[in-house]
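structure for the following, please:
(one chain, ligands or ions: 2)
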Amino acid sequence: MRRPSWDDYFIEMARLVAARSTCPRRQVGAVLVRDNRLVATGYNGSVRGAPHCDEAGCLLVRQGERESCVRTVHAELNALLQCAVTGVSSQGATLISTDFPCVHCAKAIVQAGVRRVVYLSEYPDPNSAAVFAEGGVEVLRAVPRAEGGYRLVRGAPSEESGTSETPG
Ligand SMILES: [Zn+2]
Ligand SMILES: [Zn+2]
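Ligands and ions are numbered 1, 2, ... in the order given. Sure, this is the predicted structure:
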């Protein structure tokens, strides 16, 4: 029996949370953790009361090179907003997300006092990386191990290669 590390445990939890997403373009999950305890969870989905992407279709807006769905509240922001709803502090927490946060979420993450971000996918956003660097947030990529579980590599995804092997 292989007992998962705390990081592996919460990374797998973020992946499970992502499965609740209602946007077919991209399913993202985030968990907020402090002292190895779950503080909040979030996935990308519609604003309360509004139709979901999987019912009404995505609301696509071209932003520079990319076309994005703007119907949803992002997973990372939803996790932080869950703290606002339940009255739990996000100060000093770690945010674990299946995707590298966008610049809007990055700003909210810094402002909410989150100290550490762990992400899985290599979706580069140099603006987010700058926000985290300036805000003093530690950024780590979770890289799957062949034998199962993840190892954490410091750094944001890089624009050129799509990888983030930037050493600490
Ligand atoms: Zn959508
Ligand atoms: Zn976002």
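
in the helix or strand of the chain with the lowest mean pLDDT, what counts as buried?
None of the helices or strands of the chain scores lower by mean pLDDT, DSSP states H and E than strand 66-69, at a mean of 86. Buried residues in strand 66-69, defined by neighbour count with 16 or more other CB atoms under 10 Å: Ser68, Cys69. Heads up, the C-betas are built off the backbone N, CA and C, glycines and all.

that strand near ligand 2 at all?
No: counting by CB under 5 Å from the ion, ligand 2 has no neighbours in strand 66-69; the shortest distance is 9.5 Å.

next secondary structure after that strand?
strand 72-73 (DSSP states H and E).

what about the helix or strand just after that next one, near ligand 1?
Counting by DSSP H and E, the element after strand 72-73 in chain order, helix or strand, is helix 75-86. No: Helix 75-86 is not in contact with ligand 1 by CB under 5 Å from the ion; minimum separation 12.4 Å.

downstream of helix 75-86, the next helix or strand is which one?
Criterion used, DSSP H and E; the element after helix 75-86 is strand 94-97.

what comes up buried for that next one?
Buried, per 16+ other CB under 10 Å, within strand 94-97: Thr94, Leu95, Ile96, Ser97.
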